[in-house]
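Q: how would this look folded up:
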Amino acid sequence: MSTYRFGSLPHKDLLSVAQLSVDEIGLIFNTAAELKRNREKHDSVLRGKKLAMVFEKDSLRTRFTFDVGMQDLGGHAVFMDHRDARIGQRESVRDVAKNLERWVHAIVARTYKHRVVTELAENCSIPVINGLSDYLHPCQALSDFFTLYEKWNGDIAGRRITYLGDGNNTCHSLINTASKLGAHLTVCTPEGYEPNSKVVHEAMLFARQSGAEIRITNDPEKATIDADAVYTDVWASMGQEDETEERAGIFHDYQVDDEIMGRAKPEAFFMHCLPAHRGHEVTADVMDGPRSIVFDIAENRLHVQKAILVLLLHP
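A: Have a look, this model is predicted:
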């Protein structure tokens, strides 16, 4: 039986890293570390709790880690497949929220439109967790930085991280997290594919307090110089499949290969949120090489999301 004293987050929901303070991110990391270190000791922390997993998109990591995470903690997860009929088509998002709050204790939503996640949260009394939207991917970014927290023994402030590729949802949440934790993040994209200006502006405000530097550039030749970590993501996300061929030409120079990694520090890590397309955004040599920590990150999705569940649901 668990005797560990778990804290709690002062928020009903977790929709964005931007809503979290530095101390709250630290609480998530410390809780994830405890759950990872003593996995068998906390197998009844959420006994009797039920999680609704409402997914409009395909998923491997998000689906498995939330489901297995609830089982690890003594709870249960119910999967709702909305890939054929998106949330709000058969009945309103509000009515879905009002029904689910009567049956379960929390919702994790993986949606195309961010407004669906926020509408679910606005219309129910139980916690809603953003499992991915077209705007943000907070669980991924928290897992990314938790992995770096482990690798660097908590020494994240002042570290240089470079993201190459599309200024997408994962990129937005990396910007949110770096700006809170004092990391220096360079985002390098083709012209016209930069991250959302609102996200960048908000991060700049956070950065003034943390000492972080957030830099946006279009020059892949200089972006990774002296980087402590190099990050990439797919060039065409789910819902952009019809742009795959066009984007392959536009993003060609942003592929993470040995030359790109060679400009980073010798001990720099390679990071990817997965799924990865070897030969596109990253070469096989880098993806499967000794500097790659992609599967460490994937493993930590489990522990970070368990921490989020415990901090939102544990009495």
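
Q: Just the strands from the stretch 1-150 of the chain, written as ranges.
A: With DSSP state E, counting those that start in this stretch, the ranges of strands along the stretch 1-150 of the chain come out as 50-55, 76-81, 106-110, 128-132.

Q: Output the third one in CSV with nothing but the alpha carbons.
A: Presented in CSV, the C-alpha positions along strand 106-110 are these (Å, rounded to 0.1, in the frame of the first residue of the first chain):
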residue,chain,number,x,y,z
ALA,A,106,-12.0,12.4,-15.6
ILE,A,107,-11.7,12.7,-19.3
VAL,A,108,-8.7,12.6,-21.6
ALA,A,109,-9.5,14.0,-25.0
ARG,A,110,-7.5,13.7,-28.2
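
Q: relative to strand 76-81, how tilted is that strand?
A: Counting by axes from the mean of the first three to the mean of the last three CA atoms, to 10 degrees, strand 106-110 points 30 degrees away from the direction of strand 76-81.

Q: Contacts for strand 106-110, please.
A: The contact list for strand 106-110 (CB atoms under 8 Å, 6 or more residues apart in numbering) reads 49-57, 59, 62-63, 66, 87, 97, 100, 116-117, 120, 124, 126-133, 309, 312-313. For the C-beta atoms, the positions are set from N, CA and C on the backbone; glycine is no exception.

Q: ChimeraX command to pick out the buried ones of those residues?
A: In ChimeraX, this line selects whichever of those come out buried by 16 or more other CB atoms under 10 Å:
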select :49,50,51,52,53,54,55,56,57,59,62,63,66,87,97,100,116,117,120,124,126,127,128,129,130,131,132,133,309,312,313
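
Q: out of the strands of the stretch 1-150 of the chain, nearest to A276?
A: Minimum separation from A276 across the strands of the stretch 1-150 of the chain (CB to CB) falls at strand 128-132, 16.3 Å.

Q: okay, the angle between that closest one and strand 50-55?
A: Using the same axes, to 10 degrees, strand 128-132 lies at 30 degrees relative to strand 50-55.

Q: In the lowest-mean-pLDDT helix or strand in the chain, which residues are buried?
A: Sorting the helices and strands of the chain by mean pLDDT, DSSP states H and E puts helix 244-250 at the bottom, at a mean of 92. When burial is assessed from 16+ other CB under 10 Å, helix 244-250 yields the following buried residues: R247, I250.

Q: what sits up against it?
A: For helix 244-250, contacts defined as CB under 8 Å, 6+ apart pick out D166, P190, Y193, W235, A236, Q240, H280.

Q: now swap in stretch 206-218 and tell me
A: Applying CB under 8 Å, 6+ apart, the contact partners of stretch 206-218 are 18, 22, 157-158, 175-176, 178-191, 194-195, 200, 203-204, 223.

Q: repeat that with 7 Å
A: Stretch 206-218 has contacts (CB atoms under 7 Å, 6 or more residues apart in numbering) with 22, 157, 175, 178-191, 194-195, 200, 203-204, 223.

Q: Now the buried members of these.
A: Neighbour-count burial (16+ other CB under 10 Å) applied to these gives 175, 178-190, 194-195, 200, 203, 223.

Q: What about the residues you listed, which are in helices?
A: I175, A178, S179, K180, L181, V200, A203, A223 (DSSP state H).

Q: Next one: the last one from Y231, what distance?
A: Which is A223. Distance, A223 to Y231, using CB to CB, to the nearest Å: 11 Å.

Q: Now list whatever residues contact both of these two.
A: T162.

Q: For the contacts of helix 244-250, which PyMOL command selects only the ones that are buried?
A: Applying 16+ other CB under 10 Å to the contacts of helix 244-250, the buried members can be selected in PyMOL as follows:
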select buried, resi 166+190+193+235+236+280
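
Q: So among the contacts of helix 244-250, where is pLDDT lowest?
A: Taking the contacts of helix 244-250 together, the minimum pLDDT is found at Q240 (76).

Q: quick revisit: can I get the CA coordinates of the least confident helix or strand of the chain in PDB?
A: C-alpha atoms of helix 244-250 as PDB (Å, rounded to 0.1, in the frame of the first residue of the first chain):
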ATOM      1  CA  THR A 244       2.700  15.200 -47.400                       C
ATOM      2  CA  GLU A 245       4.300  15.400 -50.900                       C
ATOM      3  CA  GLU A 246       4.400  19.200 -50.900                       C
ATOM      4  CA  ARG A 247       5.800  19.400 -47.400                       C
ATOM      5  CA  ALA A 248       8.500  16.800 -48.200                       C
ATOM      6  CA  GLY A 249      10.000  19.300 -50.700                       C
ATOM      7  CA  ILE A 250       9.600  22.300 -48.500                       C
END
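
Q: right, and the helix or strand after it?
A: Counting by DSSP states H and E, the next helix or strand C-terminal to helix 244-250 is helix 258-263.
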